[in-house]
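K.L.:
3D model of this:
(2 chains)
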Amino acid sequence: EVQLVESGGGLVQPGGSLRLSCAASGFTFNNYWMTWVRQAPGKGLEWVASIKQDGSEKYYVDSVKGRFTISRDNAKDSLYLQMNSLRAEDTAVYYCARGGWWFEYWGQGTPVTVSS
Amino acid sequence: DIVMTQTPLSSPVTLGQPASISCRSSQSLVDSGGNTYLSWLQQRPGQPPRLLIYKISNRISGVPDRFSGSGAGTDFTLKISRVEAEDVGVYYCMQATQFPRSFGQGTKLEIK
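P.N.:
Below you'll find the model as predicted:
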């Protein structure tokens, strides 16, 4: 059974940092692109970033470029999102998803709140 | 960047009746290889999104066959042949032909 379990969310002050993790199981992790998608409270879905199987290609939405870094550790079947210089508008539930062109499996999400 | 526009944003439907959601992209979603990366997702209240359909019309295993996708180029449609109570939620189209990926605003399906 495919499972994606996010962790690392929480309350952080504006300008602070957080590192989100996504532990994958039930499939061969290094065969798939992986993606982060977020959803602000009461809002729709927003694609954040995607990473190729070997980490050689990474793509970001403009609003997080230079502040967020997507990475993966294939030996640990894990996906990460390092978030720096956090802003109030980054407040959202962050989901990891399997895939780069369609997102067949999703985690339950981890909430991030940026507030003083 | 490609903008995805869904209509309607809200759709009250009677149980057992059909429902249809439209999605239009600001530019063609056909890539250089002839593939069209348009998918549909469902998000039930309090749940993460769930992929229903990818590449316009390919239904994910386990998705009821009352869900179908169609379209080409810039215009796409999700149809539910007979709405059931479990179909309540928000439906999103998403393009993955180009980065940045982009979602439609979402269409809220509710029962009359």
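K.L.:
enumerate the residues of chain A near chain B.
P.N.:
Neighbours of chain B within chain A, by CB under 8 Å from any CB of the partner chain: A:35, A:37, A:44-47, A:50, A:59-62, A:95, A:100-109. Every residue, glycine included, has its C-beta placed from N, CA and C.
K.L.:
return the subset of those residues lying in strands.
P.N.:
A:35, A:37, A:45, A:46, A:47, A:50, A:59, A:60, A:95, A:105, A:106 (DSSP state E).
K.L.:
re the thing from before, separate out the buried members of the residues of chain A next to chain B.
P.N.:
Listed as buried from these are A:35, A:37, A:45-47, A:50, A:59-61, A:95, A:100-107, A:109; burial here means 16 or more other CB atoms under 10 Å in any protein chain shown.
K.L.:
check contacts around the most centrally placed residue in chain B.
P.N.:
For chain B, the residue nearest the mean C-alpha position is residue B:40 (3.3 Å; CA atoms, centre = their mean). Residue B:40 sits next to B:23, B:51, B:52, B:53, B:67, B:69, B:78, B:91, B:92, B:93, B:94 when contact means CB atoms under 8 Å, 6 or more residues apart in numbering or on different chains.
K.L.:
in the worst-scoring helix or strand of chain B on mean pLDDT, what's buried?
P.N.:
Ranked by mean pLDDT, DSSP states H and E, the weakest helix or strand in chain B is strand B:10-13, scoring a mean of 94. Residues B:11, B:13 are the ones in strand B:10-13 that count as buried (16+ other CB under 10 Å).
K.L.:
just checking, what packs against the very next helix or strand once past it?
P.N.:
Note on strand B:10-13: by DSSP states H and E, the next helix or strand toward the C-terminus is strand B:19-25. Judged by 3 or more CB pairs under 8 Å, 6 or more residues apart in numbering or on different chains; DSSP states H and E, strand B:19-25 is in contact with strand B:4-7, strand B:10-13, strand B:38-43, strand B:75-80, strand B:89-95, strand B:107-111.
K.L.:
out of the ones you listed, which one sits most buried?
P.N.:
For the helices and strands packed on strand B:19-25, average neighbour numbers computed from mean count of other CB atoms under 10 Å in any protein chain shown are highest in strand B:38-43, which has a mean of 26.
K.L.:
so what's the residue nearest the centre of chain A closest to, chain neighbours aside?
P.N.:
Residue closest to the average C-alpha location in chain A (CA atoms, centre = their mean): residue A:36, at 3.4 Å. Residue nearest to residue A:36 in three dimensions, not counting chain neighbours: residue A:48, with 4.2 Å by CB to CB, 6 or more residues apart in numbering or on different chains.
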